[in-house]
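Chemist: build me a model:
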Amino acid sequence: MNDLFRYLVQYETHIYVLLGIAAMFALRSVWLSWSEWRKAVFGLEKEIAYQRLRTNSAVTIVLFMVGLSQFCMVTFVVPYLPAITFTFTATPDLTNALTANTPDAQQTPETEILFSPPEITGCVPGEIIISSLESRQEISGRIILLGSADVEDFGFYKYEYSQQGAENWVTIAAGRESVQDDELGAWDTSTLLPGDYEIRLVVVTGAGESLPACTIPVRIVEP
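Modeler: Take a look at the predicted model:
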C-alpha cells in the first residue's frame, strides 16, 4: 500500500494526462453513440445504439471517478499519512563504533568516550529550515513552527518528531504548498512526556526524492 501511495505522488501529472486523453476519447464515443441513437429509426437499431451509449457513458463515469480518486488521495490523504508511508531511517554513527573497537581503546580501560549532544543538521536557509527553533531549546504546549520549505521541483513537505536517540519518527503534519519564511504548521507537545526530542523538516520533490532533512534537537518541559 505504501508503494502505491508513493507511485501516485511521483507520477501524479502523468496519471492526469493519461486520464485526460482517455476521457476525450470516451466523451467522443458518447457523443457519437448519442447521435446514432437519435437518428436510429428501427427498434433493433435503436436498441443497439442505446446499449453503446450506456457502455460509453459508463466508461466516461469510471474515468471521472478514477481522476477524482487520484486527486483526493494525493491532495487530502497522502500528506497526512503516518510516518510509515515515507520512512526515513536514521543513519548510524559508524565513527563512534569504530573508535570504541580500536586497539588503543581496548588497551586503555580508563579512557572514556564522550558523546556530545546532537546539534542542528541539514538545514538550508530559505529552502529547508525551521527558523523558529534553536538547538536544545526548551518548549512546552502548542508551538507554531516557522521556516521555509521551498526547493526546485517541490512536491510536498512534512515535519516529524522522535525521542533523542530513537530511530522511529512520527509525522506531525504535512503540506502540499511550498513555504518561504512563513508558518509551516503547529506542534502540540502537551501529549508528550518531558524529555529530549528531535524535530525534523523533510521536503520531497515532485519526483519522489526525499532531500536531506533539517533536524533540530529540543527539550520538552512541563508548562
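
Chemist: helix or strand right after the helix or strand containing residue 172?
Modeler: Here residue 172 sits within strand 170-175, counting by DSSP states H and E. Reading on from strand 170-175 to the C-terminus, the next helix or strand found by DSSP H and E is strand 179-188.

Chemist: tell me how far the helix or strand just after that following strand lies from the chain's centre.
Modeler: Toward the C-terminal end, the helix or strand that comes next after strand 179-188 (DSSP H and E) is strand 195-205. Distance of strand 195-205 from the chain centroid (Cα atoms, centre = their mean, to the nearest Å) equals 13 Å.

Chemist: picking that back up, may I see the buried residues of the strand holding residue 172?
Modeler: Going by neighbour count (16 or more other Cβ atoms under 10 Å), the buried part of strand 170-175 is 171, 172, 174, 175. C-beta: built from backbone N, CA, C; applies to glycine.

Chemist: the last one touches residue 156, doesn't it?
Modeler: Spelled out, it's residue 175. Yes: between residue 175 and residue 156 a contact is recorded at 6.5 Å, counting by Cβ atoms under 8 Å.

Chemist: can you state the direction angle for the strand holding residue 172 and strand 179-188?
Modeler: Following axes from the mean of the first three to the mean of the last three Cα atoms, to 10 degrees, one obtains 140 degrees for the angle between strand 170-175 and strand 179-188.

Chemist: may I have stretch 197-209 as CSV, with CA atoms only?
Modeler: What follows is stretch 197-209 as a C-alpha-only set of coordinates in CSV (Å, rounded to 0.1, in the frame of the first residue of the first chain):
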residue,chain,number,x,y,z
TYR,A,197,13.4,15.1,21.4
GLU,A,198,14.4,15.9,17.8
ILE,A,199,12.1,17.5,15.2
ARG,A,200,12.9,17.5,11.6
LEU,A,201,11.6,19.0,8.4
VAL,A,202,11.5,16.7,5.4
VAL,A,203,11.0,18.0,1.8
VAL,A,204,10.1,15.6,-1.0
THR,A,205,10.5,16.6,-4.7
GLY,A,206,7.9,16.1,-7.3
ALA,A,207,9.9,13.1,-8.5
GLY,A,208,9.6,11.5,-5.1
GLU,A,209,13.1,12.2,-3.9
